[in-house]
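Enquirer: with the sequence up front, the predicted model follows.
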Amino acid sequence: NAGVMQNPRHLVRRRGQEARLRCSPMKGHSHVYWYRQLPEEGLKFMVYLQKENIIDESGMPKERFSAEFPKEGPSILRIQQVVRGDSAAYFCASSSWTGLGEQYFGPGTRLTVT
Amino acid sequence: AQSVTQPDIHITVSEGASLELRCNYSYGATPYLFWYVQSPGQGLQLLLKYFSGDTLVQGIKGFEAEFKRSQSSFNLRKPSVHWSDAAEYFCAVGVDSNFGNEKLTFGTGTRLTIIP
């Protein structure tokens, strides 16, 4: 009965490279949320997706960031041309329904940009 | 816009002592309130949640929280802490958006240290 899975757990990228973060929701969950946690800060909402649809991306930076949740496979958060300010922990959460659905969090991917 | 304030960045408590972590929120309507715990290098685990009804909510690991509308607070309590409670604690408010989903807005967290 696996929980939310994220990989890689740690990712190091040089400035200008691309980072791809993966999230596999809990079995039976079709709603995925991405949050970013900067050092010494709380988590900030980035994007909410359902299968093949971006529902709410109000927290996503306008440039370089994109997310998808295909019909098959994990959700992907993609960061192009990374900069040092992108260094953070990125958490994925999933839920089985909207409204008041409890969100289950993965262990996070810690991105370091050198 | 909604916001969450956790005034205590770091709290140190002796093992066996009682604990209270403060959380204040700002939101126009009745909020959905949550407490999460994060152990080092780990994801977040839900301790408890308040949606409606009884303002005293029981959670896992012996934690409870009380919703006080007049004070816009949702403080987390535990009568007797254990060394394993050392972690980062986050209060969050859930907001129904126009899309029918629930975005969580988190506080900056309170780091709990337990001393023998």
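Expert: Received, thanks.
Enquirer: where does pLDDT dip in chain A?
Expert: For chain A, the stretches with pLDDT under 70 are A:1, A:97-101.
Enquirer: which residues of it lie near chain B?
Expert: Counting by C-beta under 8 Å from any C-beta of the partner chain, chain A comes close to chain B at A:4, A:6, A:31, A:33, A:35, A:40-45, A:48, A:55-56, A:58-59, A:91, A:93, A:98-108. Backbone N, C-alpha and C define where each C-beta goes, glycine included.
Enquirer: of the residues you listed, buried ones?
Expert: Buried residues within the residues of chain A next to chain B, defined by neighbour count using 16 or more other C-beta atoms under 10 Å in any protein chain shown: A:4, A:6, A:31, A:33, A:35, A:42-43, A:45, A:48, A:55-56, A:59, A:91, A:93, A:98, A:101, A:103-108.
Enquirer: ok, A:His10 touching A:Tyr90?
Expert: No - counting by C-beta atoms under 8 Å, A:Tyr90 is not a contact partner of A:His10; they are 11.3 Å apart.
Enquirer: okay, and the common contacts of the two?
Expert: Counting by C-beta atoms under 8 Å, 6 or more residues apart in numbering or on different chains, the shared contacts of A:His10 and A:Tyr90 are A:Thr109, A:Arg110.
Enquirer: quick check: closest non-adjacent residue to B:Asn24.
Expert: Leaving aside its chain neighbours, B:Asn24 sits nearest to B:Thr5 (4.6 Å; criterion: C-beta to C-beta, 6 or more residues apart in numbering or on different chains).
Enquirer: repeat that for A:Gln80.
Expert: A:Arg64 (4.7 Å).
Enquirer: list the contacts for the one you found?
Expert: A:Ile79, A:Gln80, A:Gln81, A:Val82.
Enquirer: measure B:Pro7 to chain A for me?
Expert: 13 Å (C-beta to the nearest C-beta, to the nearest Å).
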